[in-house]
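Participant: Here is my input, please return the structure:
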Amino acid sequence: MPAGPAVLVDGLVMRYGDRTAVDSLSFEVEAHTITAVLGPNGAGKTTTLETCEGYRRAQAGKVRVLGLDPVRDRAALLPRIGVMLQSGGAWSGARAEEMLRHFARLHAHPLEPAVLIERLALDECGRTPYRRLSGGQQQRLGLALALVGRPELVFVDEPTAGLDPQIRRAVWELLEELRADGVTVVLTTHYLEEAERLADKVHILDHGRLVASGSPLELTRGGTVATVRLVVTQPFPPGAPEALARSLGDGTELTVLDELSLQVSGPADSSTLARVAAWCADHDVLPESLSLGQRNLEDVFLELTAREDVR
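Facilitator: Got it, this is the predicted structure:
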């Protein structure tokens, strides 16, 4: 693999008629990492990744994958990458196992298909025609087809959509093993907890632009709102939650969860937690627990995109 990023997107512009799908987008994917590209529907991520995969030609800007132009250098690039499409790319009448073994024969040094069949639980459907596979089985076969050629870089689109929790975790473990073996993984997913668990770096797109980049920890750290949860040993005295709300003042929101717990949303600094603790001491309220809530990637995603169509 050449020095530099595994994927470089620099000032990419893609338009469909009068609509700009990708608007001067720039980001990089470091080699030997799992990088998640996230965004609501219509954010431009599919167009961007299809351009990286060589299915579309950049209208403006530059795209390089493993140092190569994915359109001009397609013949040199294809043996080095794997692509898992969300749907399509398979022969409807071919059986799952024979399709995987056929793909393996197209590569110089493929993985043993039996290994992928076992890891992705495809033995249960190996003799089933593709058109009769369930959605989850098609997803697993699509991932196996993308990996069988031992790619240096693999694009995976919604790899665990429709999978049960056990198989989902098996897929996560497989992607983590690929990273440990030096493979670069570019992941798109609507399961934000999946991106938070797997990704070394996350790029969030909206309206064709990059709105945030960083590790999950960098993106979830800080912010403008924190959540404090208070659980007490005895029911709150009458009027106590209202008194606490008044003492916290403007800019905070108090919600009584039940007779023993409440939640306060306020400025993301230590002052909110300190004021709740001081109120407990002043009013002889004994906390059982007092905790500051941690934002997750879904919170950040919704703040940045202001949309609710995460799934």
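Participant: now the spatially most central residue of the chain, nearest residue through space, not along the chain?
Facilitator: In the chain, the residue lying closest to the centroid (C-alpha atoms, centre = their mean) is residue 195, at 3.0 Å. In space, and not counting its chain neighbours, residue 195 is closest to residue 36: 3.9 Å by C-beta to C-beta, 6 or more residues apart in numbering. Every C-beta, even on glycine, is put in place using the N, C-alpha and C of the backbone.
Participant: same question, residue 141
Facilitator: According to C-beta to C-beta, 6+ apart, the nearest residue to residue 141 is residue 96 (5.2 Å).
Participant: pretty sure residue 289 is in a strand, no?
Facilitator: Yes: judged by DSSP: H, G, I helix; E, B strand; the rest coil, residue 289 forms part of a strand.
Participant: Please renumber the chain so that the first residue is 22 from this point on.
Facilitator: Fine by me, first position is 22 from now on; the one you just mentioned is residue 310.
Participant: Let me see the ranges of the helices in the chain.
Facilitator: With DSSP state H as the criterion, the chain has helices at 66-73, 95-98, 117-126, 134-140, 156-168, 186-201, 213-219, 237-241, 261-269, 291-303, 318-326.
Participant: Output these in JSON lines; the columns should cover distance to residue 38.
Facilitator: Below are the helices of the chain laid out as JSON lines (distance: least, C-beta to C-beta, whole Å):
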{"stretch": "helix 66-73", "distance to residue 38": "13"}
{"stretch": "helix 95-98", "distance to residue 38": "26"}
{"stretch": "helix 117-126", "distance to residue 38": "36"}
{"stretch": "helix 134-140", "distance to residue 38": "41"}
{"stretch": "helix 156-168", "distance to residue 38": "30"}
{"stretch": "helix 186-201", "distance to residue 38": "36"}
{"stretch": "helix 213-219", "distance to residue 38": "31"}
{"stretch": "helix 237-241", "distance to residue 38": "33"}
{"stretch": "helix 261-269", "distance to residue 38": "51"}
{"stretch": "helix 291-303", "distance to residue 38": "49"}
{"stretch": "helix 318-326", "distance to residue 38": "24"}
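Participant: of those helices, which approaches residue 26 most closely?
Facilitator: Residue 26 sits nearest to helix 66-73 of all those, at 11.5 Å, using C-beta to C-beta.
Participant: Contacts for the closest one next, please.
Facilitator: Helix 66-73 has contacts (C-beta atoms under 8 Å, 6 or more residues apart in numbering) with 28, 30, 33, 35, 42-43, 46, 58-60, 77-79, 84, 86, 91, 176, 178, 207, 209, 226.
Participant: 7 Å instead?
Facilitator: For helix 66-73, contacts defined as C-beta atoms under 7 Å, 6 or more residues apart in numbering pick out 28, 30, 33, 35, 42-43, 46, 58, 60, 77, 79, 84, 86, 91, 176, 207, 209, 226.
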